[in-house]
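Trainee: predicted structure and sequence below. I'll ask about it afterward.
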Amino acid sequence: MSLSIRNQLPGTVTSVTPGEVMATVKVRLDAGQEITAAVTLEAVRELGLTPGSAVRALIKSTEVSLATGPVDGLSIRNQLPGTVTDVASGGAMARVKVRVAGGELTSAITGDAVSDLGLSAGSEVVALIKSTEVSLANA
Amino acid sequence: MSLSIRNQLPGTVTSVTPGEVMATVKVRLDAGQEITAAVTLEAVRELGLTPGSAVRALIKSTEVSLATGPVDGLSIRNQLPGTVTDVASGGAMARVKVRVAGGELTSAITGDAVSDLGLSAGSEVVALIKSTEVSLANA
Amino acid sequence: MSLSIRNQLPGTVTSVTPGEVMATVKVRLDAGQEITAAVTLEAVRELGLTPGSAVRALIKSTEVSLATGPVDGLSIRNQLPGTVTDVASGGAMARVKVRVAGGELTSAITGDAVSDLGLSAGSEVVALIKSTEVSLANA
């Protein structure tokens, strides 16, 4: 089976904080970074997620924002530093590849953003991903 | 009122599970599939959602991922099987039409994903939609 | 029609930049801020969006991130400064109300983010919204 979701990062669950309908799940990626996912409590139960569970964090490319440096004071939990390896521009949108520790991320952002940030191969960036945009799959 | 949101699926609320700030709402689509939406509790109250409420599930096309088959062990609650009817490709993004029971979905994914999955008219796919990406409207 | 989408900001289209499958639409909000929406080209056509069109920008609360100040060098196009008016916390998620020029935004973020940012009524914040997360409706 193949998935259109470009970004699939392997890791291990380190904690599960259940709310009444949602839960936050922290995942230590194999490359060492920590990711937070906000998923339904039902999903946590159905996937049997507990500390130690091997998972893949799945992130749609349209959910990956880019910053030219680390951002403090931001509600976005997931910040992965990396280096741009390729930029493909369309008329309105652009697709940016970013090499991060342990893998590569694809980000779909506006062409305006690429211009304003001056992104090209070699640019140092931080990929930002809201925790509600992170899905999990059993590894 | 017209909406830019491409995907609007009619159905009936079957359950509402309230948390302190979020709620999960299950909707039986008219074509029989079940959809889960995670919305704010405030929205549930304001729309007066209870089992039996007639609603439309609204899903932005950038929130629809595609897989070439059913996916087990996935936190993404909503999986609708269908058949690709059309693919339009741009420089970075592509727009894929998928016929599902009861209607048609539009998915905006990267061109890379279309190539990797080998999607074209006739491809069997499963549309994946995270419950936090499903909005609801009174029908 | 009532919508579960909490954030509905009235404005006027100022420009439409069509790509092959997506388009970026700039909207001047009634309160003066500019918003960028990335929607399908098909939606632009169907809604008849051109400069001067009266629209509402629709943003799901799970798509609104918060920063404690303006963020430079960020791909996220939409940054609306405001003041927190209320915080409601659940077990995993929190709902934050932010007063911005011309209205109020609802943001659903993790409880962790609320703690880390020290958000409470009166906090100055900037609401961040990725353009792919902004839908448009004819006003």
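Mentor: That came through, no problem.
Trainee: what are the ranges of the strands in chain A?
Mentor: Listed in chain order, the strands of chain A (DSSP state E) span A:7-18, A:22-29, A:34-40, A:54-59, A:65-67, A:78-89, A:93-100, A:103-110, A:124-129, A:134-138.
Trainee: mind giving me the packing neighbours of the fourth one?
Mentor: What that stands for is strand A:54-59. Contacts defined by 3 or more C-beta pairs under 8 Å, 6 or more residues apart in numbering or on different chains; DSSP states H and E place strand A:54-59 against strand A:7-18, strand A:22-29, strand A:134-138. Every residue, glycine included, has its C-beta placed from N, CA and C.
Trainee: direction included, what does it pair against?
Mentor: strand A:7-18 (antiparallel), strand A:134-138 (antiparallel) (DSSP bridges).
Trainee: one step back: okay, the strands of chain A in CSV with mean neighbour count and mean pLDDT next?
Mentor: Rendered in CSV, the data for the strands of chain A read as follows (neighbours: other C-beta atoms under 10 Å in any protein chain shown; pLDDT from 0 to 100):
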stretch, mean neighbour count, mean pLDDT
strand A:7-18, 18, 96
strand A:22-29, 24, 97
strand A:34-40, 24, 96
strand A:54-59, 22, 97
strand A:65-67, 24, 96
strand A:78-89, 18, 96
strand A:93-100, 23, 96
strand A:103-110, 24, 96
strand A:124-129, 22, 97
strand A:134-138, 23, 96
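Trainee: would you mind giving these as a markdown table with distance to residue B:125 added?
Mentor: Putting those into a markdown table (distance: least, C-beta to C-beta, whole Å) gives the following:
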| stretch | distance to residue B:125 |
| --- | --- |
| strand A:7-18 | 17 |
| strand A:22-29 | 27 |
| strand A:34-40 | 22 |
| strand A:54-59 | 16 |
| strand A:65-67 | 27 |
| strand A:78-89 | 23 |
| strand A:93-100 | 21 |
| strand A:103-110 | 19 |
| strand A:124-129 | 24 |
| strand A:134-138 | 17 |
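Trainee: list, one by one, the residues from chain A near chain C.
Mentor: Residues of chain A found near chain C, taking C-beta under 8 Å from any C-beta of the partner chain as the criterion, are A:17-20, A:22-24, A:36, A:38, A:62-63, A:65-69, A:71-77, A:90-93, A:107-114, A:117, A:128, A:130-132.
Trainee: quick one on the thing from earlier: out of the helices and strands packed on strand A:54-59, which is closest to residue C:139?
Mentor: strand A:22-29 (32.5 Å; C-beta to C-beta).
Trainee: quick one: contacts of the closest one?
Mentor: Strand A:22-29 has contacts (C-beta atoms under 8 Å, 6 or more residues apart in numbering or on different chains) with A:9-17, A:34-41, A:43-44, A:49, A:55, A:57, A:101-102, A:131, A:136, B:19, B:22, B:38, C:90-93, C:110-112.
Trainee: look up the closest residue to residue A:78, ignoring the ones flanking it.
Mentor: Sequence neighbours aside, residue A:129 is the residue nearest to residue A:78 in space, at 4.1 Å (criterion: C-beta to C-beta, 6 or more residues apart in numbering or on different chains).
Trainee: export the strands paired with strand A:54-59 to TSV and tack on distance to residue A:30?
Mentor: Formatted as TSV, the entries for these read as follows, by distance: least, C-beta to C-beta, whole Å:
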stretch	distance to residue A:30
strand A:7-18	5
strand A:134-138	14
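Trainee: out of the ones you listed, nearest to residue A:81?
Mentor: strand A:7-18 (14.0 Å).
Trainee: and the contacts of the closest one?
Mentor: For strand A:7-18, the surrounding residues in contact (C-beta under 8 Å, 6+ apart) are A:23-31, A:34-35, A:41, A:44, A:49-61, A:64, A:102-103, A:105-106, A:137, A:139, C:91-92.
Trainee: mind doing that once more with 6 Å?
Mentor: Strand A:7-18 is touched from outside by A:23-30, A:41, A:44, A:49, A:51, A:53-59, A:103, A:105, C:92, with contacts defined as C-beta atoms under 6 Å, 6 or more residues apart in numbering or on different chains.
Trainee: next, the angle strand A:34-40 makes with it.
Mentor: Here strand A:7-18 runs at 70 degrees with respect to strand A:34-40, directions being taken by axes from the mean of the first three to the mean of the last three C-alpha atoms, to 10 degrees.
Trainee: report the angle between strand A:7-18 and strand A:93-100.
Mentor: Between the direction of strand A:7-18 and that of strand A:93-100, the angle (the same axes, to 10 degrees) works out to 80 degrees.
Trainee: what bridges to residue A:17?
Mentor: Note on residue A:17: beta-bridge partners by DSSP bridges are residue A:24.
Trainee: any idea how far it lies from residue B:22?
Mentor: 14 Å (C-beta to C-beta, to the nearest Å).
Trainee: now swap in residue A:98 and tell me
Mentor: Between residue A:98 and residue B:22 the computed distance is 30 Å (C-beta to C-beta).
Trainee: now residue A:80
Mentor: Spatial separation of residue A:80 from residue B:22 under the definition C-beta to C-beta is 26 Å.
Trainee: please apply the same query to residue A:13.
Mentor: In this structure, residue A:13 lies at 21 Å from residue B:22, with C-beta to C-beta as the measure.
Trainee: residue A:130 and residue A:76 touch, don't they?
Mentor: Yes: look at residue A:130 against residue A:76 with C-beta atoms under 6 Å: they come within range, at 5.2 Å.
Trainee: the two: who's more crowded?
Mentor: A direct count of neighbours by other C-beta atoms under 10 Å in any protein chain shown for residue A:130 and residue A:76 places residue A:130 higher, at 29 against 25.
Trainee: any idea what the spatially closest residue to residue A:82 that is not a sequence neighbour is bridged to?
Mentor: The shortest distance from residue A:82 to any residue that is not its chain neighbour, by C-beta to C-beta, 6+ apart, is 3.7 Å, and that residue is residue A:100. Assessed by DSSP bridges, residue A:100 has beta-bridge partners residue A:82, residue A:103.
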